[in-house]
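Student: Would you be able to build a 3D model of this:
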Amino acid sequence: MKERRHPIRNFILVLLTITVIYWIGINVLVSAVLVPSFMERLHAFDRIVEQSYAEQVQETTLQNNAVSMNVIGNSWSRNRNPENVAILSTDGYELRGVVFAQDKKAHNWSILLHGYTGSKEMMYGYAYWYWQHGYNVLAPDFRCQGESEGDYIGLGATDSEDLLGWINLILQRDPDARIVLHGLSMGASTALLCAGKEEIPPSVVAVISDCAYTDAYAMFQEKIGSWFHLPAFPIIDSAELMIRLRAGYDLKETSPLAAVGKSRIPTLFIHGTEDRMIPVKMCLLLYNAAACDKEIMIVDGAGHAQAAERDPVRYFDTVEAFLGRHVR
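Tutor: Numbering: from 1, shown residues only. All right, here's what the predicted structure looks like:
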């Protein structure tokens, strides 16, 4: 006697199998974007780095400036013997950074914020400039990057909360501190998100936003296609749900564009015309939406986070003039 077939049951089993495989794939995708240790096992980190490098402007003078800036910054940092500092995030992670203090009492401070999958060392060239101009410098590692603990990269969402902790660390040491937030890429977006918070202390007097994105959702959507060659729909919304469940934040609510409309902190927006990772139109949108005292500098021929390397004199002269008007 032949076994009776149950087409409905078979269809349900197939559907359940496809659904399980799909959500396993979404889970892997989220880990490949937000968990550095997993990225390395999948070799996703190498692929992202290689593609990011390929998208940069490959110009000899620019590359030489980048090398020079990194060499000078790293050499200076070793000679300065920076102080190791740490804070505890509100959800229990130890976050680490370094302080380059002035030799004599100074109340001007700069917090330097690195980009996605980066570390504080990426900011040492900028730290050297600030220190030369009389600033104490704090360079932290974002959670889950560098020496800081964490399970997931925050894309600015959790990082902007952590930044409040770093600001408070400075104010505990120096209640009269005047603090500048200077970030690159994800670090710039973090600075803008923090500047839009009601609880940000008035001691934060200026923001330098170098190649920030408008919102994490848009960035995640774009990178799913360029990094992993996957369609945005329906993956982006599935990934957003998985991020909320696993990492505890919402991509759609991680919006520097919304934050700048609430900020009252003077902000200098910087971007390169040849940025193929975060298009320059995002900078223009941020600048136009900003409710604060604001300035903008667009650097011709600069790729992602290459403005200081493409035109270092104009870059730092502009930053110096902007800070001169707002850090008193």
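
Student: What are the buried residues along stretch 25-33?
Tutor: Residues of stretch 25-33 classed as buried: 26, 29-33 (neighbour count, 16 or more other CB atoms under 10 Å). In this view, the C-beta of every residue, glycine as well, is placed from N, C-alpha and C.

Student: And stretch 148-162, what's buried?
Tutor: Buried residues in stretch 148-162, counted by 16+ other CB under 10 Å: 148, 150, 152-162.

Student: need these in CSV with distance to Val280, can you?
Tutor: Output for the buried residues of stretch 148-162, formatted as CSV (distance: CB to CB, whole Å):
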residue, distance to Val280
Ser148, 30
Gly150, 31
Tyr152, 29
Ile153, 24
Gly154, 24
Leu155, 20
Gly156, 19
Ala157, 24
Thr158, 27
Asp159, 23
Ser160, 23
Glu161, 28
Asp162, 28
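
Student: Give me the subset of the residues you listed lying in helices.
Tutor: Taking DSSP state H, the ones among the buried residues of stretch 148-162 that sit in helices are 157-162.

Student: how about the residues you listed in a markdown table, adding pLDDT and distance to Phe220?
Tutor: Below are these laid out as a markdown table (pLDDT from 0 to 100; distance: CB to CB, whole Å):
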| residue | pLDDT | distance to Phe220 |
| --- | --- | --- |
| Ala157 | 95 | 11 |
| Thr158 | 96 | 15 |
| Asp159 | 97 | 15 |
| Ser160 | 97 | 17 |
| Glu161 | 97 | 19 |
| Asp162 | 98 | 20 |
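
Student: Nearest to Ser255 among these?
Tutor: Distance to Ser255, by CB to CB, is smallest for Ala157 among these, at 9.7 Å.

Student: Hmm, Leu193 and the closest one touching each other?
Tutor: Yes. Counting by CB atoms under 8 Å, Ala157 does reach Leu193; the two are 7.5 Å apart.

Student: For Gly301, the count of nearby residues, please.
Tutor: 15 (other CB atoms under 10 Å).

Student: cool, Pro175 as well?
Tutor: Neighbours of Pro175 using other CB under 10 Å come to 9.

Student: Asn70 too?
Tutor: 15.

Student: Repeat that for Leu230.
Tutor: Leu230 is flanked by 14 other residues according to other CB under 10 Å.

Student: Then Gln132?
Tutor: Neighbours of Gln132 (other CB under 10 Å): 10.

Student: Over to the one 10 residues further on?
Tutor: Close neighbours of Phe142, defined as other CB under 10 Å, add up to 29.

Student: Tell me which residues touch it, please.
Tutor: 95, 113-114, 118, 148, 150, 153-154, 159, 162, 186-187, 190 (CB atoms under 8 Å, 6 or more residues apart in numbering).

Student: For it, give me the pLDDT.
Tutor: At Phe142, the model reports a pLDDT of 98.

Student: and if you look at Arg47?
Tutor: We have a pLDDT of 65 for Arg47.

Student: cool, and Ala66?
Tutor: If you check Ala66, the pLDDT there is 87.

Student: Against His229, how distant is Ser185?
Tutor: Counting by CB to CB, to the nearest Å, the separation of Ser185 from His229 is 22 Å.

Student: who has more neighbours, those two?
Tutor: Per other CB under 10 Å, whichever of Ser185 and His229 has more neighbours is Ser185, with 25 against 7.

Student: circling back: between the ones in helices among the buried residues of stretch 148-162, which sits nearest Met69?
Tutor: Nearest to Met69 among those is Asp159, at 23.7 Å by CB to CB.

Student: Excluding sequence neighbours, find me the nearest residue to the closest one.
Tutor: Thr190 (4.3 Å; CB to CB, 6 or more residues apart in numbering).

Student: Just the element for that neighbour, please.
Tutor: For Thr190, the enclosing helix or strand under DSSP states H and E is helix 186-195.

Student: name the helices or strands packed onto that helix?
Tutor: Judged by 3 or more CB pairs under 8 Å, 6 or more residues apart in numbering; DSSP states H and E, helix 186-195 is in contact with strand 108-113, helix 157-173, strand 178-184, strand 204-210, helix 256-260.

Student: which residues does Asp317 contact?
Tutor: Not one residue lies near Asp317 by CB under 8 Å, 6+ apart.

Student: switch to 10 Å and redo it
Tutor: By CB atoms under 10 Å, 6 or more residues apart in numbering, the contact list for Asp317 reads Asp311.

Student: likewise the one 4 residues further on?
Tutor: Neighbouring residues of Ala321 by CB under 10 Å, 6+ apart: 268, 295.

Student: Just give the number of residues close to the residue nearest to Asp159.
Tutor: Neighbour count for Thr190, taken as other CB under 10 Å: 31.

Student: Surely Phe316 touches Ala308?
Tutor: Yes. In this structure, Phe316 is within contact of Ala308 by CB atoms under 10 Å, at 7.1 Å.

Student: Format the contacts of Phe142 as a markdown table; extra columns: distance to Leu62.
Tutor: Putting the contacts of Phe142 into a markdown table (distance: CB to CB, whole Å) gives the following:
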| residue | distance to Leu62 |
| --- | --- |
| Leu95 | 32 |
| Leu113 | 22 |
| His114 | 19 |
| Gly118 | 19 |
| Ser148 | 30 |
| Gly150 | 32 |
| Ile153 | 27 |
| Gly154 | 30 |
| Asp159 | 28 |
| Asp162 | 32 |
| Met186 | 21 |
| Gly187 | 20 |
| Thr190 | 25 |
